[in-house]
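1. quick one, what's the 3D model for this:
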Amino acid sequence: MNSQRLEKLLDLMAIQNLDAIALNPGCNMRYLTNLDFHLMERPTILLIRHDGEMAFVLPILEASRAEKSFSKKHLFTYGDNPATWDNVFTSAFTHLRLGKSRVGVESTRLRFLEFNFLKKSLPESEIIAADEVFANFRIIKDQSEIGYMKKAAQIAQNALNDTLSKPVSGKSESELASLLTINLLKHGSGELPFLPIVASGKNSADPHATPSDRIVQSGDLLLFDWGASFEGYASDITRTFAVGEVDPLLTEIAEIVRQANQKGVISGKPGITAGSIDDATREVISTAGYGKYFIHRTGHGLGMESHEAPYIYSENSLILEPGMVFTVEPGIYLPGKGGVRIEDNVVITESGAKSLTDMPRELRVIR
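-> Numbers count the residues shown, from 1 in each chain. Reported below is the predicted structural model:
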């Protein structure tokens, strides 16, 4: 158990007037306990009271692993017979003496399975979304976390360079995505934070295109959106390439997106709003006359998940602080012709912003 992170969680709970909080297996549980559990058909839930007292309900087969971070008095284990599980949950929550209380949960992660056990075992309690608690729990990264993310970026960039060391013309998007996946693992990535997007020609105008059987050919834009992980932390990068000579219009939008990306990165500093980064990139693209073709936010936070707080959209008034990490990924998407996106991973420093990614952003011509 990480005591500093527990104290931070308890402080956030106090601000939200929560008597307890319930965690499913996932990033927040791993961040707090240094243990990695998976969601499965057996319920697993960690309940933390406002004073730090805990009850951890989990399958008995996981007990020895849990003892690395918990004392035995905090573990409430069960076997494979589902008929016994209700009693174990009741015992765990009786141990915490919650009674009538406000229990916060992860609204995007808590399943009906665990929710139902909570409701039955805490009939007098109010179970509410604790999204604000979790949005702020991991939002500031320390130097070790930033180091892991920089390494994840290096792995990703090396993997793409390896993939592009041979001609891409004549290969399908799916084939290139498979090659990139293999290279990510070869270069040291852990579990991929997401499957690579490889989109060519008119498919590149779809921001979340799925790699298809389309064959890459001369005159195409070729977009890669990919990432790696290192020690549980993610990178998320996008670069767009020209396969041979492309339409001058596509070269033009590539340069506009590069300028928008650059402005977004250099605009970052502590004390400004997350929304102002979006405003900065959007202004470049709108001034150039392509505002209606920039159809998504400028970015999202990055860390143990490839999408987390802070979210970089115009209306977000969140004040940026040192240690916040997010993507800057403006794009222009011309239906039927092609699209360009350039995405970097950026950390707010004491005096400005620093990119953890350094692959060239200009429209590079490949074969």
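2. any stretches of the stretch 1-150 of the chain with poor pLDDT?
-> Along the stretch 1-150 of the chain, segments meeting pLDDT under 70 are nowhere present.
3. show me where it has its strands.
-> All strands of the stretch 1-150 of the chain, identified by DSSP state E, counting those that start in this stretch, fall at 20-23, 45-49, 54-59, 75-78, 102-105, 126-129.
4. just the ones you listed: most buried one?
-> strand 20-23 (a mean of 26; mean count of other CB atoms under 10 Å). Every residue, glycine included, has its C-beta placed from N, CA and C.
5. that one pairs with which strands, parallel or anti?
-> Looking at strand 20-23 with DSSP bridges, its partner strands are strand 45-49 (antiparallel), strand 102-105 (parallel).
6. any chance of CSV for the strands of the stretch 1-150 of the chain, columns distance to residue 272?
-> Output for the strands of the stretch 1-150 of the chain, formatted as CSV (distance: least, CB to CB, whole Å):
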stretch, distance to residue 272
strand 20-23, 31
strand 45-49, 34
strand 54-59, 38
strand 75-78, 45
strand 102-105, 30
strand 126-129, 28
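7. show me what contacts the nearest residue to residue 304 once chain neighbours are set aside?
-> Residue nearest to residue 304 in three dimensions, not counting chain neighbours: residue 27, with 4.1 Å by CB to CB, 6 or more residues apart in numbering. Residue 27 sits next to 138, 303, 304, 305, 308 when contact means CB atoms under 8 Å, 6 or more residues apart in numbering.
8. which two in these are spaced the farthest apart?
-> For the contacts of residue 27, the maximum inter-member distance is 8.6 Å, found between 138 and 305 (CB to CB).
9. what's the burial count for the residue nearest to residue 312 when sequence neighbours are not counted?
-> Nearest non-adjacent residue to residue 312, counting by CB to CB, 6+ apart: residue 299, 3.8 Å away. Residue 299 has 26 neighbours, counted by other CB atoms under 10 Å.
10. again, but for residue 270
-> Neighbour number of residue 270 under other CB under 10 Å is 16.
11. what does residue 162 give?
-> Quick note: residue 162 (other CB under 10 Å) scores 16 neighbours.
12. cool, and the one 5 residues further on?
-> Summarising burial for residue 167: neighbours were counted as other CB under 10 Å, giving 11.
13. name the element it belongs to?
-> Assignment of secondary structure by DSSP states H and E places residue 167 within no helix or strand.
14. residues contacting the residue positioned nearest the centre of the chain?
-> Centroid-nearest residue in the chain, with CA atoms, centre = their mean: residue 306, separated by 2.0 Å. Counting by CB under 8 Å, 6+ apart, residue 306 touches 193, 194, 227, 234, 236.
15. mind running it again at 6 Å?
-> With contacts defined as CB atoms under 6 Å, 6 or more residues apart in numbering, the neighbours of residue 306 are 193, 194, 234, 236.
16. distance of it relative to residue 235?
-> Distance, residue 306 to residue 235, by CB to CB, to the nearest Å: 8 Å.
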